[in-house]
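Participant: no FASTA, just this:
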């Protein structure tokens, strides 16, 4: 609502048309004379925000007059001078200022100013009704320095009525799309514009679940911006609802159909008293329930001479436009911005909240491109909610880091603030206000740090050249938060004359006579340089691009690349002088403290995006988001660099070149988990962008040239011959280079791949290195040993590079051998080498073609290396590795199998060699697979038997049985293996191992040898009285049964061992019973006589066993009674019953048992209940 106006000062329409019209023209001239506020100091072109094409149709008689051209109007008629002037005034001046400056403004002039004050660019409506109306990078350089969207239309607008306003897969759900649909289906009517106020009715069609509903929409606007909106639908969102969109687009597309009236105060001024009274009474009658109390209150105040309302001259008019003091900005619901950001943050990155917040960041960038002041305003609101996130204090108290998704959001927030404060046309007052706010946020304890940890800091954004004592200075530097770089950017300015000339002209070069000698401003070809801290310079490029200056951003980007080229050449010259000394040392302490890849400002990504977006071929249907399919990859074309003298430069080639420079920079691995993960993530992002480029001849030439420079760059290149021990590895980058160059220059691609295979940080020793020669962007790093949190990822990337080279070298023995040597030298992880071996084996043995023996041999060699590496270490995949190696050797052939059998002790443990290797080699499947003849089978079997005997000698406990099995078919070998077992039985083998071998011997038909082994096993056994469930009981019973079956002598030999080793009464009684049931010697050993008589328990050897059994029962009984409980009484009585059965086997057994019971009664008479049970059962 504008400030009160006095009726006498309202414009009248009684003057001639010449006077007021000349006055309006003078308004435009006043802008040129500088009577308006002066422009910012930077002399960049500052065109107005782009508009829809406004081609005036031929006059149609009375009415609001011509509007933007549409299909039903007649085009190409030039606009009148009145319209040209009214457009300029309507966009730049508040209407109150026009009224104050000119006493009389004719009604036609007022109408044209009011008419042109409504927004004319559908893109702006789209921007405030969807998250993102077009992807970043949509604008090429054709528009010069004009803002994006110069056409004034958006997809879904004039040229494509059914197009989409947003990116993503939301499609028709976007308010902008729905608004277009409402407009095109005739749902907008009763549209009226009164001054700077637009109203209308928008009807939502009926659906299956909802009836038709109408919504009254009101829009206020000023200087081509919507300043407030009201809709009856009650929409509560950041963006305008579909009804506001429909009404706004109706006004833009069909202005001639909109009833236009001057501000209501002008209409009232033309009425006499009777007309005014009639108007008021009719208004009250029409809306008496709503306005009658207010009307009566106002009437009372007007009639009171002392009322406040009578102290003010004039009266307010909501349709008369904005006051001079009002901010001229688009309507933005701040409360809704806060609420939605708070809601997204509370979801902690789940349910797509991270994507929504990124969309809000994209909306900020879009506003900045449109030079909309709400961009910074919205970013401030977002930041306030981020700083109020309760998780920040929780993370700080617990000492835990924030989640990776949240960390990335904070990074983008910080980068956006750098972009905002680097606005080329930012006023100093604005910048100071932002600096104060940023400092306030940065001083809060919960403010996240820039690198995600409390480690060493990075150089200041304004440091163009690093200092030699940078590492020491960083220790004393205060903490750096995510806002620190934005605060530092506040100190940057755009006043440098050299910088202004770079960004304002495509043809800024040095005079020819000044190109001799050194220059800090131009390279030897006369092209301008910009010697700034590289990330800072790239931040300037990002700022220009983000604020709608794509042409200027391109110019500065080219100057930065020329600077990097010159720096690269000078570094190469320095290395050539130091090369001999550095190669002797093998390592250098010269490196970049601050890498460009993974940097908070993403300098390489910024330059790449700036250069490629001008080369992007736009798809006519690229913005149709009605379907949810995957987005198509971008298509690029070469665009010549403006101002390039030889015409051979292309922005696309420059983009590739600068990406290669940045990725190939030799830089130190940063400290902290997040910083290291960011390096890896940024590398993958840049490589993904590079892979989108279709390599033609020019790009391949650029690729080859830069690859050679990187190989020759020494300590300044990550691919140089000599690098710092803690340099970021180049595996990911080299894999891209290898793949890209392979079809065009195989030698160069392998040279790069092999050079990049190294991982110096894992080398056990590191040379002292050179003393270093600091150069631009280079510093000397003191000794330090940070923790490499991403080492596992880096090693996997190293493995991927090796696998890629192995696959490409298939069939080329020389290259395969070179790659194999690089793998064996540089890869230190057995699991990764095993993976490489498996990959090589898989590639070498395709299902539909013969195997590739060269690659198979490489796989085998890698497998052998894995065996050697894991032989003395624990590895849960060891058995899998051993089995795979045998499979691989089988594919290679007989000689490979013989080789691993003969050298088993360097590859396998004895157990693995016998139970897995030899057993698999001797299997029937292996023989069939190799199609071996008899001599070959015998050779293989001989090697296996030799291995088995060697393993049995080394580890008889675990290998004896396998050795016997493998030697079965060779009598001498079998006897040797058996003797090994006998020799080891006394010392190194357990009873269970001996029993197992004894059972094997019996199964193979060697009962006497089985008996001997059983007796040796019994000597190692000790079975206590209460171990009646011991696992060895079955072995003892089997041994006794074997002895009994062999004859009386064998049984007599084993019973003393049983008596000595077994003290469990139930086991002994079981043995005794079995021995008395059948006659001994039933096995029928040749040469022996069998009497066929049962053995008596009164004679040896069973007498000794019976006495031992009775003694065991007595001892067990006393042991059990010591700690018996009533619930075990019944079980104890049953135990005594079994004891009685054993006692009765003796001649005087019943007497012995009666005495035994009497002794129990006497000794344990205190256990009255138990003794009563004993008496009941046994007397």
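Facilitator: Structure's in. What do you need? Here the structure is a predicted model, which means the values were calculated and not measured.
Participant: distance of the most centrally placed residue in the chain relative to residue 440?
Facilitator: Centre of the chain computed as the mean C-alpha position; nearest residue by C-alpha atoms, centre = their mean is residue 681, 6.4 Å away. To residue 440, residue 681 is 31 Å away according to C-beta to C-beta, to the nearest Å. C-beta here means a position set from N, CA and C on the backbone, and glycine is covered the same way.
Participant: sorry, back to before: now what about whichever helix or strand the residue nearest to the centre of the chain is part of, what contacts it?
Facilitator: Taking DSSP states H and E as the criterion, residue 681 maps to helix 673-691. The contact list for helix 673-691, computed with C-beta atoms under 8 Å, 6 or more residues apart in numbering, reads 401, 404, 407, 411, 451-453, 455, 595, 597-599, 602, 604-605, 608, 612, 656, 659, 662-663, 669-670, 728, 732-733, 736, 740, 788-790, 793-794.
Participant: just the buried residues out of these, in PyMOL syntax.
Facilitator: In PyMOL syntax, the buried subset of the contacts of helix 673-691 is picked out as below (16 or more other C-beta atoms under 10 Å):
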select buried, resi 401+407+411+451+452+595+597+598+599+602+604+605+608+612+656+659+662+663+669+670+728+732+733+736+740+788+790+794
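Participant: mind checking which of the contacts of helix 673-691 land in helices?
Facilitator: Residues of the contacts of helix 673-691 located in helices (DSSP state H): 404, 407, 411, 604-605, 608, 612, 656, 659, 662-663, 732-733, 736, 740, 793-794.
Participant: so which other helices or strands are in contact with the helix or strand harbouring residue 342?
Facilitator: Element membership for residue 342, per DSSP H and E: helix 334-346. If contacts are counted by 3 or more C-beta pairs under 8 Å, 6 or more residues apart in numbering; DSSP states H and E, helix 334-346 sits against helix 353-369, helix 374-387.
Participant: so for it, what gets flagged as buried?
Facilitator: 337-338, 340-341, 344-345.
Participant: now swap in stretch 815-831 and tell me
Facilitator: Going by neighbour count (16+ other C-beta under 10 Å), the buried part of stretch 815-831 is 815-816, 818-820, 822-823, 826-827, 829-831.
Participant: so where's the stretch 551-700 of the chain shaky on pLDDT?
Facilitator: Low-confidence segments of the stretch 551-700 of the chain, defined by pLDDT under 70: 586-587, 619-630, 645-647.
Participant: re earlier: so which of the helices and strands packed on helix 334-346 is nearest residue 105?
Facilitator: Nearest of the helices and strands packed on helix 334-346 to residue 105, taken as C-beta to C-beta: helix 374-387 at 30.6 Å.
Participant: next SSE after the closest one?
Facilitator: Next along the chain after helix 374-387, taking DSSP H and E as the criterion, comes helix 390-398.
Participant: can you give the distance from that next one to the centre of its chain?
Facilitator: The chain centre lies 23 Å from the centre of helix 390-398; the measure is C-alpha atoms, centre = their mean, to the nearest Å.
Participant: pLDDT of it, averaged?
Facilitator: For helix 390-398, mean pLDDT rounds to 82.
Participant: okay, the angle between it and helix 374-387?
Facilitator: With axes from the mean of the first three to the mean of the last three C-alpha atoms, to 10 degrees as the basis, helix 390-398 and helix 374-387 are set at 40 degrees to each other.
Participant: so which bits of helix 390-398 are buried?
Facilitator: Residues 392, 395 are the ones in helix 390-398 that count as buried (16+ other C-beta under 10 Å).
Participant: could you measure from the closest residue to residue 1030 other than its chain neighbours over to residue 1036?
Facilitator: In space, and not counting its chain neighbours, residue 1030 is closest to residue 1023: 5.6 Å by C-beta to C-beta, 6 or more residues apart in numbering. Separation of residue 1023 from residue 1036 (C-beta to C-beta) stands at 7 Å.
Participant: and residue 919, how many neighbours?
Facilitator: Applying other C-beta atoms under 10 Å, we find 17 residues neighbouring residue 919.
Participant: hmm, back to that, among the buried residues of stretch 815-831, which lie within helices?
Facilitator: Judged by DSSP H, helices contain the following of these: 815-816, 818-820, 822-823, 826, 830-831.
Participant: residue boundaries of the strands in this structure?
Facilitator: Residue ranges of the strands in the chain, as given by DSSP state E, are 188-194, 197-204, 213-222, 225-231, 259-261, 590-591, 616-617, 635-636, 779-780.
Participant: in this structure residue 360 contacts residue 131, no?
Facilitator: Yes: if you go by C-beta atoms under 8 Å, residue 360 and residue 131 touch, sitting 7.3 Å apart.
Participant: please tell me how far the helix holding residue 681 is from the chain's geometric centre.
Facilitator: Chain-centre distance of helix 673-691: 9 Å, with C-alpha atoms, centre = their mean.
Participant: buried set for that helix?
Facilitator: 674-680, 682-683, 685-687, 689-690.
Participant: ok, now stretch 900-914?
Facilitator: Residues of stretch 900-914 classed as buried: 900-901, 904, 907-910, 912-914 (neighbour count, 16+ other C-beta under 10 Å).
Participant: residues touching that stretch, excluding its own?
Facilitator: With C-beta under 8 Å, 6+ apart, stretch 900-914 has contacts from 864, 867-868, 871, 878-879, 882, 885-886, 889, 916-918, 921, 940, 943-944, 946-948, 950-952, 954-955, 958-959, 962-963, 966.
Participant: just how off-centre is that stretch within its chain?
Facilitator: Remark: stretch 900-914 is offset 43 Å from the chain centroid, using C-alpha atoms, centre = their mean.
Participant: rewinding a little: okay, the buried residues of stretch 815-831 in JSON lines with distance to residue 1071 and pLDDT next?
Facilitator: Below are those laid out as JSON lines (distance: C-beta to C-beta, whole Å; pLDDT from 0 to 100):
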{"residue": "815", "distance to residue 1071": "72", "pLDDT": "95"}
{"residue": "816", "distance to residue 1071": "67", "pLDDT": "95"}
{"residue": "818", "distance to residue 1071": "71", "pLDDT": "96"}
{"residue": "819", "distance to residue 1071": "67", "pLDDT": "96"}
{"residue": "820", "distance to residue 1071": "63", "pLDDT": "95"}
{"residue": "822", "distance to residue 1071": "67", "pLDDT": "95"}
{"residue": "823", "distance to residue 1071": "62", "pLDDT": "95"}
{"residue": "826", "distance to residue 1071": "65", "pLDDT": "94"}
{"residue": "827", "distance to residue 1071": "61", "pLDDT": "93"}
{"residue": "829", "distance to residue 1071": "57", "pLDDT": "91"}
{"residue": "830", "distance to residue 1071": "52", "pLDDT": "92"}
{"residue": "831", "distance to residue 1071": "53", "pLDDT": "93"}
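Participant: closest to residue 1013 among the residues you listed?
Facilitator: residue 830 (39.3 Å).
Participant: wait, isn't the closest one in contact with residue 878?
Facilitator: No: judged on C-beta under 8 Å, residue 830 makes no contact with residue 878 at a distance of 9.5 Å.
Participant: quick check: neighbours shared by the two?
Facilitator: Joint contacts of residue 830 and residue 878 (C-beta under 8 Å, 6+ apart) are residue 870.
Participant: quick check: neighbours shared by residue 1023 and residue 1036?
Facilitator: Shared contacts of residue 1023 and residue 1036 (C-beta under 8 Å, 6+ apart): 1061-1062, 1067.
Participant: most surrounded residue in those residues?
Facilitator: Among the shared contacts of residue 1023 and residue 1036, residue 1062 has the most neighbours (other C-beta under 10 Å), with 27 neighbours.
Participant: quick check, residue 717 in contact with residue 662.
Facilitator: No: under the criterion of C-beta under 8 Å, residue 717 makes no contact with residue 662, lying 11.6 Å away.
Participant: endpoints of stretch 867-887, how far apart?
Facilitator: End-to-end distance of stretch 867-887 (C-alpha to C-alpha, to the nearest Å): 14 Å.
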